[in-house]
Structures are given as structure tokens and as C-alpha cells.
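>>> Generate coordinates for the sequence data below:
(2 chains)
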Amino acid sequence: MSASLVYFAAAFLIGLAALGTGIGFALLGGKLLEGAARQPEQGPQLQTKMFLMAGLLDAVPMIGVGIGMYLIFVVAPGMAA
Amino acid sequence: MASENLTPTAYIQHHLQNLAYGKLPAGYERADGTVVSQDMWTLAHTSKEASDMGFWCLHLDTLGWGVVLGTIFSLFFWRTAKKATAGQPTGVQSFIELLVEFIDTTVKGTFHHANKMVAPMGLTIFVWVFLMNLMDLVPVDWLPVAAAKISGNDHLFFKVVPTTDPNATLGMAFTVFALMIFFSIQKKGAIGFLKELTLHPFHSGKIYIDIFLIPINFVLETIALVSKPVSLGLRLFGNMYAGEMIFILIAIMFGAGAILGIFAGALQWGWAVFHILVITIQAFVFMVLTTVYMAMAHDTHEDH
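Numbering: from 1, shown residues only, chains lettered A, B, ... in the order given. Okay, here's the model as predicted:
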């Protein structure tokens, strides 16, 4: 029984992290387009800053996905066996 | 490869286990039944043995690939620097100049203090982490199978990407953390550093109020301080581990018949292209954050 709980945990972990990232990237992308529209010549600088922020924003969900997959593929089979 | 009835889970766990060389305590019953007579340094044959080695366990593949890539990086840059000519630069030299200038401007953008070590450190971190991440693009089975063939030991665990090993990424992150503390103390003095830990962010200047504020400040500041290396290390680990895991899952699809195989090939190509972006960004983010942390360590709050 507890093995299936681990799958639930991993699902929540990855799902909620994805939700947060989705909103974060949407805002980030929107602001980039607004900034680039307002000042087209600043486009490249804004884009590098956006990628930097994307790298930072990516951290928490990716850690979540990493741990989630660890739960699914290492912890759960171990418990089921 | 590892065993006849190779289930997907066994395949995944085989690819997630590092080549562990460590000390097995006396009287430890090994996987193949033999009992260890006295403390013995040996290669782990199963992941259970590797975890039972506890602290005394070196991940030879992570250390090995890290050192190999580090030497490749330094030799390559050193040889080009030695042969550098202002007259007619070779393609390689101009590429390295481009890289060095890019990192120099980035570091200059965030780090405004006089320290000759930060820009070279930024360059080293960026190129070394990028090279280590680049190993992730090599298809999952090539190098481990080659290593197993060369070493003749079929139970050889061989995880090629050093940055998918939390020991490596957290090791780098805590080295940066030690540097951060060293520079803070060097620039602000031990008292200055302690003052920064206890009097920020709330301070009123009047001692009898500050006494109550110090514990709150201390807790806030220590959490902020410790979260820096941990997030720095786990960010790189999380991204690379998830990327590696997806490559492994795609690799499993190759074994499931022709149609799925072709589909898996397209998937692997697509994910590898996207992963090139992830690799570069994560190396860049690791470098920029290290520079920012160095800048914060040098910031003595007088100049503004």
C-alpha cells in the first residue's frame, strides 16, 4: 500500500512544481515581450536576462522533478519488493 | 547487460548507480554470498553494497570524469594561450577569446571589486560545468557498455555525467560557500561578518532594542546564507538528474520493438537538442550566481 502512496507523493511533487513554473514562465515571457515591444533595441539584453531568470526559475521544479523521479524509480520499487 | 531478465526498473537502477569504491566492514555478507574477512576496500557489485559502504565510498566515475574533463579544459586553454598570436589568430584562439570576453563582461557586470581571482574562477566554472553537462548528450548506453567491455566486469556501474551526482555539485557549491565566507571575513573582518549576520536586516542602533532583534536577525541571515550553496548545488543536480532520467526512459523505449524504437529515436534527438539549451543555461547560472555571491562577500556596505 505504501508504495502507491509514494507514487501519489511524486505526482503531487512534480505536478505542483510544474504549475508554479508554468505561471512563472508565462509572466516572465510576457514581461520580456512587453519590454522588447517598448524598446526593440534592448531586445537582446532583455533576452539574456530572461534566460538567466529562466535558469533560476527552473531550479525548484527541476529539483522537485529530480526527487520525484527518484521516488518513482528507486524508492517505490524498493518498497514494493 | 547486467543480467538476463533485465527489467526496466533494474535497467534504470543500473544506470543510476555510481561506480562505488569503498570500505566494506569485516563480516559483511556480500551479494554473491562471500563474507568479508576484514575491512576491505573494494568495488561495490550491487547498489545495496554501495550504500552499505556508508561514508567511506568514493564515486570513481564522477571523480574520474571530473578530473579528465578538468584537465582537458585546462590543457586545451593553456596550449591555445601559449600559441596565441595577435597577428593572425586561429579559429580556436578567436573562439576562446570570444568565450573569455563574454565571461569577462558578465563578471564585470556583477562584480565591481578588485579581485583578480573571480573572473578566472568564473571562466573555469562555466567551461568545466558545461563540459561535465555535455557528457549527458552522449547516448546513455554507449560509455557504460564500453567501460564494461574494457574492464571485463559485467557488473560495472558507470555513470558518465559527473553533475548528476549530488556529491559533485554540492561539493562545488560548498567550495564556493567556503570562498564566500573567506572573502567576507577577509574584507569585513570577523566582527564585520558577525555584525552582518546579527544586525541585518533589523537594527535600530539603540543597544537595548537590538538585543531582542539579534536572535531574529541571526536566524534569518543564517537561513539565507546556508540556502545559497544548497540551492546552487541542488539546482544543477536537479536539472541534470532529471535530464539524465528522461534519456534513460527514452533508452528503455528502444527495447520495445521497431515502431517505438524509431519514435524513441526522434524523442531522443528532440530532448537532446532542448537539453543543449538547459546545459548552457545551468552552467551560466552557476557561474553568474557564484560571481554574485563573491560580489556580496566583498560588499562592505560603506560605498552606498
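>>> so what does the lowest-mean-pLDDT helix or strand in chain A touch, helix or strand wise?
Taking mean pLDDT, DSSP states H and E as the measure, the helix or strand of chain A with the lowest value is helix A:76-80, at a mean of 76. Using 3 or more Cβ pairs under 8 Å, 6 or more residues apart in numbering or on different chains; DSSP states H and E, the elements in contact with helix A:76-80 are helix A:2-38. Any C-beta I mention is one placed from the backbone N, CA and C, and that applies to glycine too.
>>> Let me see the ranges of the helices in the stretch 1-150 of chain B.
Under the criterion DSSP state H, counting those that start in this stretch, the stretch 1-150 of chain B contains helices at B:8-16, B:47-52, B:60-82, B:91-110, B:118-134, B:142-151.
>>> With mean pLDDT, mean neighbour count and distance to residue B:281 added, can I get the ones you listed in a markdown table?
As requested, those are exported to a markdown table (pLDDT from 0 to 100; neighbours: other Cβ atoms under 10 Å in any protein chain shown; distance: least, Cβ to Cβ, whole Å):
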| stretch | mean pLDDT | mean neighbour count | distance to residue B:281 |
| --- | --- | --- | --- |
| helix B:8-16 | 81 | 19 | 24 |
| helix B:47-52 | 79 | 17 | 31 |
| helix B:60-82 | 89 | 15 | 19 |
| helix B:91-110 | 89 | 14 | 13 |
| helix B:118-134 | 92 | 21 | 10 |
| helix B:142-151 | 85 | 14 | 24 |
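>>> For chain A, find the nearest of those helices.
Between chain A and the helices of the stretch 1-150 of chain B, the shortest separation by Cβ to the nearest Cβ is 4.6 Å, and it involves helix B:8-16.
>>> Can I get the helices of the stretch 1-150 of chain B in CSV including distance to chain A?
Shown next, in CSV, are the helices of the stretch 1-150 of chain B (distance: least, Cβ to the nearest Cβ, whole Å):
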stretch, distance to chain A
helix B:8-16, 5
helix B:47-52, 9
helix B:60-82, 16
helix B:91-110, 9
helix B:118-134, 12
helix B:142-151, 17
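>>> Quick one: closest of these to residue A:71.
Minimum separation from residue A:71 across those (Cβ to Cβ) falls at helix B:8-16, 12.7 Å.
>>> Just the element for the residue sitting furthest away from the middle of chain B, please.
The C-alpha centroid of chain B is most remote from residue B:208, which lies 45.4 Å away (Cα atoms, centre = their mean). Using DSSP states H and E, the element containing residue B:208 is helix B:207-254.
>>> Nearest to residue B:243, out of the helices of the stretch 1-150 of chain B?
Closest approach to residue B:243 among the helices of the stretch 1-150 of chain B (Cβ to Cβ): helix B:118-134, 8.4 Å.
>>> sorry, back to before: can you put the helices of the stretch 1-150 of chain B in TSV and add distance to residue A:52?
As requested, the helices of the stretch 1-150 of chain B are exported to TSV (distance: least, Cβ to Cβ, whole Å):
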stretch	distance to residue A:52
helix B:8-16	30
helix B:47-52	37
helix B:60-82	23
helix B:91-110	9
helix B:118-134	13
helix B:142-151	32
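>>> So which of the ones you listed is nearest residue B:261?
Of the helices of the stretch 1-150 of chain B, nearest to residue B:261 by Cβ to Cβ is helix B:8-16, at 14.9 Å.
>>> about what we covered before: and the helices of the stretch 1-150 of chain B: which comes nearest residue B:167?
Here helix B:60-82 is closest among those (Cβ to Cβ), at 6.5 Å.
>>> Give the full set of residues in contact with the residue nearest to residue B:70 when sequence neighbours are not counted.
Distances taken as Cβ to Cβ, 6 or more residues apart in numbering or on different chains put residue B:128 closest to residue B:70, at 5.8 Å, once the chain neighbours are dropped. Residue B:128 is in contact with B:69, B:70, B:73, counting by Cβ atoms under 8 Å, 6 or more residues apart in numbering or on different chains.
>>> Among the residues you listed, pick out the one closest to residue B:175, please.
residue B:70 (13.2 Å).
>>> hmm, back to that, check which residues of the least confident helix or strand of chain A are buried.
Residues of helix A:76-80 classed as buried: A:76, A:77 (neighbour count, 16 or more other Cβ atoms under 10 Å in any protein chain shown).
>>> Residue B:141 contacts residue B:252, correct?
No. Checked against Cβ atoms under 8 Å, the pair residue B:141 and residue B:252 is beyond contact range at 10.5 Å.
>>> neighbour-wise, which of these two wins?
Taking neighbours as other Cβ atoms under 10 Å in any protein chain shown, residue B:141 and residue B:252 compare with residue B:252 leading, 18 against 15.
>>> Can you tell me how far that one is from chain A?
11 Å (Cβ to the nearest Cβ, to the nearest Å).
>>> what about that residue, distance to residue B:278?
Relative to residue B:278, residue B:252 is positioned 21 Å away (Cβ to Cβ, to the nearest Å).
>>> go on, residue A:13?
20 Å.
>>> and what of residue B:237?
Distance, residue B:237 to residue B:278, using Cβ to Cβ: 13 Å.
>>> Which of those two has more residues huddled nearby?
Of the pair residue B:237 and residue B:278, residue B:237 is the one with more neighbours under other Cβ under 10 Å, namely 23 against 20.
>>> Doesn't residue A:69 lie inside a helix?
Yes. Assigned with DSSP: H, G, I helix; E, B strand; the rest coil, residue A:69 falls within a helix.
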